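# Structure for this input, please:
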Amino acid sequence: MDTTSELLKVVGNETRRKILSLLSEEPHYILQLSRKLNVTQPAILKHLDFLEKTGLIESFEGKSRRGADRKYYKIRDNINLEIVIGPEEFKVVKQLPEKMCAKYLSSKEKVERLTNEINRAEDINAKATKALELIEKADALLLCSEYSGDNRECIECHRVAMLKRRASEIIVQVSKGDALKGLQMLSEMLRQLK
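Okay, the predicted model is just below:
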């Protein structure tokens, strides 16, 4: 996605903005988006195709609890869009985020794979096993010797690692049969997110 007109087609369309907002929370499939936005599936598909061609989102096959695999859509890597409007200039600038640290980049794929495996696992013990692996990966990121509170990428990396760790701890707690403790941990985590 390089041209100003393509960028404006994304940010200028309310449905596309809403789709991006939902996908920033978690991956969705077409029917979910259609229901949440009260827009027909063919219309959603057209918007998804456009967003995928611009490189903002990507699709993947995922398991469904109710039958065949589904095609899910998710946000690709972050980009920053800046629109500059002034008496002597008008421009839309796309910027890739600052370079992520090597530690995060080396862990990112493994963290995403473990997260997907946890989400797909139907057995709580299988979820807990993967959650323990994810806790180890999150801890490695949280103990990064190069962490800087002045670097927004470091702050974001820590935030994501902490959320992954807490969610994994809840899964482990529930797998031990202590659902009440798991709910308390979840309530505390949600309180901190507000």
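
# what bits of the chain have low per-residue confidence?
Residue ranges of the chain with pLDDT under 70: 1-4, 77-81, 92-102, 182, 189-190, 192-194.

# quick one, strands of it?
For the chain, the strands defined by DSSP state E occupy 28-29, 57-64, 67-75, 80-86, 89-95.

# Let me know which of the ones you listed is tucked in deepest.
When these are scored by mean count of other C-beta atoms under 10 Å, the highest mean neighbour count falls to strand 28-29 (a mean of 19). In this view, the C-beta of every residue, glycine as well, is placed from N, C-alpha and C.

# Please list the residues outside that one that contact it.
Contact with strand 28-29 is made by 22, 36, 62, 70-73, as judged by C-beta atoms under 8 Å, 6 or more residues apart in numbering.

# Walk me through which strands it pairs with, and which way each runs.
Using DSSP bridges, the strands paired with strand 28-29 in its sheet are strand 67-75 (antiparallel).

# need the longest helix for the protein.
Longest helix of the chain, by residue count under DSSP state H: helix 152-175.

# who are the neighbours of that helix, in terms of helices and strands?
helix 102-120, helix 124-142, helix 179-193 (3 or more C-beta pairs under 8 Å, 6 or more residues apart in numbering; DSSP states H and E).

# Check these for me and report the most buried one.
helix 124-142 (a mean of 18).

# Tell me which other helices or strands that helix touches.
Right, helix 124-142 is packed against helix 102-120, helix 152-175 by 3+ C-beta pairs under 8 Å, 6+ apart.

# Report the angle between that helix and helix 152-175.
In terms of direction (axes from the mean of the first three to the mean of the last three C-alpha atoms, to 10 degrees), helix 124-142 departs from helix 152-175 by 150 degrees.

# How far off centre is helix 124-142?
Its chain's C-alpha centre and that of helix 124-142 lie 18 Å apart, by C-alpha atoms, centre = their mean, to the nearest Å.

# Measure how that helix sits relative to helix 102-120, angle-wise.
170 degrees.

# start the count at 368, not 1, going forward
Sure, I'll start counting at 368 from here, so that last one is helix 491-509.

# send the alpha carbons of helix 491-509 over as CSV?
Coordinates of each C-alpha in helix 491-509 appear next as CSV, following Å, rounded to 0.1, in the frame of the first residue of the first chain:
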residue,chain,number,x,y,z
ILE,A,491,-7.7,-28.2,29.3
ASN,A,492,-4.5,-30.2,30.1
ALA,A,493,-3.3,-29.7,26.6
LYS,A,494,-4.0,-26.0,27.0
ALA,A,495,-2.1,-25.9,30.3
THR,A,496,0.9,-27.6,28.8
LYS,A,497,1.2,-25.0,26.0
ALA,A,498,0.4,-22.2,28.6
LEU,A,499,3.4,-23.3,30.6
GLU,A,500,5.6,-23.0,27.5
LEU,A,501,4.1,-19.6,26.8
ILE,A,502,4.9,-18.5,30.4
GLU,A,503,8.6,-19.4,29.8
LYS,A,504,8.7,-17.3,26.6
ALA,A,505,6.9,-14.4,28.3
ASP,A,506,9.3,-14.5,31.2
ALA,A,507,12.3,-14.4,28.8
LEU,A,508,10.9,-11.2,27.3
LEU,A,509,10.1,-9.7,30.7
